[in-house]
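K.L.:
predicted model and sequence below, questions to follow.
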Amino acid sequence: MHKLWNWGLPVVAVMALGVATACAGEASVAMTLVNQSGIGATVGSIALSDSSAGAVFKLDLKGLPPGPHGFHIHQNGECGPTMMNGIAIPAGAAGGHWDPDGTNHHGGPEGDGHMGDLPLLQVADDGTATQSLTAPHIKDIAKLRGHAIVMHANGDNYSDQPAALGGGGGRLACGVVQP
């Protein structure tokens, strides 16, 4: 019996390491509506996972305005409002788009701009978004932990022209990738 215990311990340790490694490339984000007063109702969740093609964002969202919406990783891990020129900015605490390389421009999910630029999010006529989106330039979702994911009110043209940051406009929903 003693030999089995000595042999079994490393197997259990290796199995536990495998489980920890499999979970390391996954995360979940609860998304809530945001407004000038703060954080509102939950609108669903996003499951994140690593893949060889880039980070995958599996959406399970509801109760949203139909149409295209800008979708980005932001620099801070907060979704509360902030004040700018005496006006409350919904999810202003999330800061700007995540740009660890200091590119200072919006280039889209496959461009050479912000690392936080994600594919355009499409909400169906019934207010749901259930697609999977892949961000090819994000190779490790562990780097997203502690950052906010923000859904904007308008679409995104992946350019800083004619409007800054793709024309996404105000912040509609927000969630934080948990550490």
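P.N.:
Yep, that arrived.

K.L.:
so residue 25 makes contact with residue 144?
P.N.:
No: using CB atoms under 8 Å, residue 25 is not in contact with residue 144; the gap is 11.0 Å. For every residue, glycine as well, the C-beta is placed using N, CA and C.

K.L.:
who's more crowded, those two?
P.N.:
In this comparison of residue 25 against residue 144, neighbours counted by other CB atoms under 10 Å, the higher total goes to residue 144 at 24 against 15.

K.L.:
how about that one, what does it touch?
P.N.:
With contacts defined as CB atoms under 8 Å, 6 or more residues apart in numbering, the neighbours of residue 144 are 27, 48, 55, 73, 138, 177.

K.L.:
which SS class is the residue most central in space within the chain?
P.N.:
Centre of the chain computed as the mean C-alpha position; nearest residue by CA atoms, centre = their mean is residue 149, 3.6 Å away. Reducing the assignment to helix, strand or coil with DSSP: H, G, I helix; E, B strand; the rest coil, the entry for residue 149 is strand.

K.L.:
where does the prediction get shaky in this protein?
P.N.:
Judged against pLDDT under 70, the low-scoring parts of the chain cover residues 1-24, 159-167, 179.

K.L.:
for it, what's the longest strand?
P.N.:
Once the chain is assigned using DSSP state E, the strand that runs over the most residues is strand 38-49.

K.L.:
packing partners of it?
P.N.:
Strand 38-49 sits against strand 26-35, strand 55-61, strand 171-176, with contacts defined as 3 or more CB pairs under 8 Å, 6 or more residues apart in numbering; DSSP states H and E.

K.L.:
wait, which of these is closest to residue 129?
P.N.:
Of all the helices and strands packed on strand 38-49, strand 55-61 sits nearest to residue 129, with 4.3 Å by CB to CB.

K.L.:
I'd like the next helix or strand past that closest one.
P.N.:
From strand 55-61 onward toward the C-terminus, using DSSP states H and E, the following helix or strand is strand 67-69.
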